[in-house]
Structure formats: structure tokens, C-alpha cells
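> structure for this input, please:
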Amino acid sequence: QVQLVESGGGLVQPGGSLRLSCAASGFTLDYDAIAWFRQAPGKEREGVSCFSHSDSVTFYADSVKGRFTVSTDNAKNTVYLQMNSLKPEDTAVYYCAAGGSDCGLGWRRSAEYDYWGQGTQVTVSS
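Down below sits the predicted model:
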């Protein structure tokens, strides 16, 4: 059974850090583009980052560039999203997604990805 499971969300104060994990089962992540999306209440789902295994290139949304970093552990079939200097506007449900091709110009489009996790809540508040 193909499955993506996110974890690591929680409540953190502004300026704090969290590391989200996305563990895959039923398939290996190293053939896919792995993306992180987020969705805040009342807003559309937003692409946060996309990592291409084939060329190890990562794209980031301007809103998180310099604060968020993607890393992978192929042995654990897991992708991580390290989030630093968190802001209240980062509050959202975060999803990981896996696609069958490398990150391209359309990496922010949800339709580019075949598999999705269930999401993990991140709340940034004092």
C-alpha cells in the first residue's frame, strides 16, 4: 500500500523551529519529486518546496526561502522540512506529496503529484 505519513507538527512560538518528517511506504522516494504544501484556514493550498532526487535541486516559495530547508534520508525513505524563524503566517496544515517526475515549472500545482500525506498541523503563536 502506497502511503505518505507526515509528523512533527505542533505549537511553536514565533522565531522558533520545527522539523517535519514525511515517511513513505509502498514505494521509494528516490525516483520522485517530493514537495511540501501548506494550507491555512480559508486559503488555497500553497506550494512550499519541491526536491528533485535526480539532480538534487530544491525549489522554495519566496515566503520561506532562507528559513526552510529540505533534506532527505534515503535509507529511511523519509524527507524532512526544517523550518526555522517561524512566523505566525506559517500557521497551516502541512502536506507532503510525491510525483512521478522531477520538479518543473509547475511544481506548485497540486495536480503534479500522485501521492499525498494526511497533513500535520503547524501553529505559530505566542
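
> so where's this protein uncertain?
31 (pLDDT under 70).

> grab the nearest non-local neighbour of the spatially most central residue of it.
Among the residues of the chain, the one closest to the centroid is residue 36, at 2.2 Å (C-alpha atoms, centre = their mean). Counting by C-beta to C-beta, 6 or more residues apart in numbering, residue 36 lies nearest to residue 48, which is 4.3 Å off, once chain neighbours are set aside. (C-beta placed from N, C-alpha, C; glycine too.)

> check which helix or strand covers the one you found.
strand 46-52 (DSSP states H and E).

> next secondary structure after that strand?
Downstream of strand 46-52 (by DSSP H and E), the next one is strand 57-60.

> go through that following strand and flag the buried ones.
58-60 (16 or more other C-beta atoms under 10 Å).

> distance check, the residue located most distally from the centre of the chain against residue 24.
Computed with C-alpha atoms, centre = their mean, the maximum C-alpha offset from the centroid of the chain is found at residue 126, amounting to 23.6 Å. Going from residue 126 to residue 24 by C-beta to C-beta, to the nearest Å gives 34 Å.

> same question for residue 119.
Noted for residue 119: a distance of 15 Å to residue 24, by C-beta to C-beta.

> what about those two, which has more around it?
Neighbour count, other C-beta atoms under 10 Å: between residue 119 and residue 24, residue 24 has more, with 22 against 16.

> distance between stretch 60-72 and the chain's centre?
Stretch 60-72 sits 9 Å away from the centroid of its parent chain (C-alpha atoms, centre = their mean, to the nearest Å).
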